[in-house]
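> quick one: sequence and predicted model below, then my questions.
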Amino acid sequence: MKNLKNIIDKNLNGKKVFLLFILTNIVYAFMLLVTIPKVMSFSNGLKLLDMMPAGYNLEYINSLFNALGEGGRELYLYNQIPVDMIYPFLFGISNCLLLAYFLKKINKLDTSLFYLCLLPLVAGIADYFENFGIIKMLNNYPEVTSFSATATNIFSMTKSTSTTLYFVVLLIALMAFGIKKIKN
């Protein structure tokens, strides 16, 4: 863990953190504005699995994949998923560094709060496993197994939970930073 902390600490340059944050959000905006709407145009109003923080089940997956049809499933597999294979890496790294940057500014990076910087990395890893599960199910459709559905759902919910916790922690760190700035 000490090596990871050293790597993070060495990369806490404000410009680097800001540029990674901007790049991450450009990729996210591209997904939200281009690839996801393109796939959802086939879904008859059903949300994509990636966009369901409360989870889903086998019945929902079959309904979604059926509604998407072959064309929508191909767009999901060959347009949305490839972009979503870049995003988790960028999200994990940039948000880990962003939180570490603000924790350092409030003199809390060298405390146990450092471990909270790992939340975006957990979310990114869970996002990859979610993507692998979606790829497997899309490739196997209509033979989607209950195991694949459940495992992928667990990764989706892990991604959502760790992402939500991260943003709560980031908000608290930003408030602490703001208070420190006002006091100084």
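That came through fine.
> next, the buried residues of the longest helix seen in the chain.
Identified as the longest helix of the chain according to DSSP state H is helix 146-183. Buried positions in helix 146-183, judged by neighbour count with 16 or more other CB atoms under 10 Å: 148-149, 151-153, 155-160, 162-163, 166, 169-170, 173, 176-177. Every residue, glycine included, has its C-beta placed from N, CA and C.
> off-centre distance for the lowest-mean-pLDDT helix or strand in the chain?
Across the helices and strands of the chain, mean confidence by mean pLDDT, DSSP states H and E is lowest for helix 2-10: a mean of 89. Averaging C-alpha positions (CA atoms, centre = their mean, to the nearest Å) puts helix 2-10 22 Å from its chain's average.
> and the contacts of that helix?
For helix 2-10, the surrounding residues in contact (CB atoms under 8 Å, 6 or more residues apart in numbering) are 96-97, 100, 104, 109, 114, 117.
> from those, keep the buried residues only.
Buried by 16+ other CB under 10 Å: 96-97, 100, 109, 114, 117, out of these.
> circling back to that earlier point, which of the contacts of helix 2-10 sits closest to Pro142?
Nearest to Pro142 out of these is Cys96 (CB to CB; 38.8 Å).
> which helix or which strand is home to the closest one?
In this structure, Cys96 sits in helix 87-105 according to DSSP states H and E.
> now do the next helix or strand after that helix: which elements does it pack against?
For helix 87-105, the succeeding helix or strand toward the C-terminus, using DSSP H and E, is helix 119-140. Contacts defined by 3 or more CB pairs under 8 Å, 6 or more residues apart in numbering; DSSP states H and E place helix 119-140 against helix 58-75, helix 81-83, helix 87-105, helix 146-183.
> which residues touch helix 119-140?
Contacts with helix 119-140, where a contact means CB under 8 Å, 6+ apart, come from 49-50, 61, 65, 73, 76-77, 81, 84-85, 87-89, 91-96, 99, 144, 148-149, 151-152, 155-156, 158-159, 162-163, 165-166, 169.
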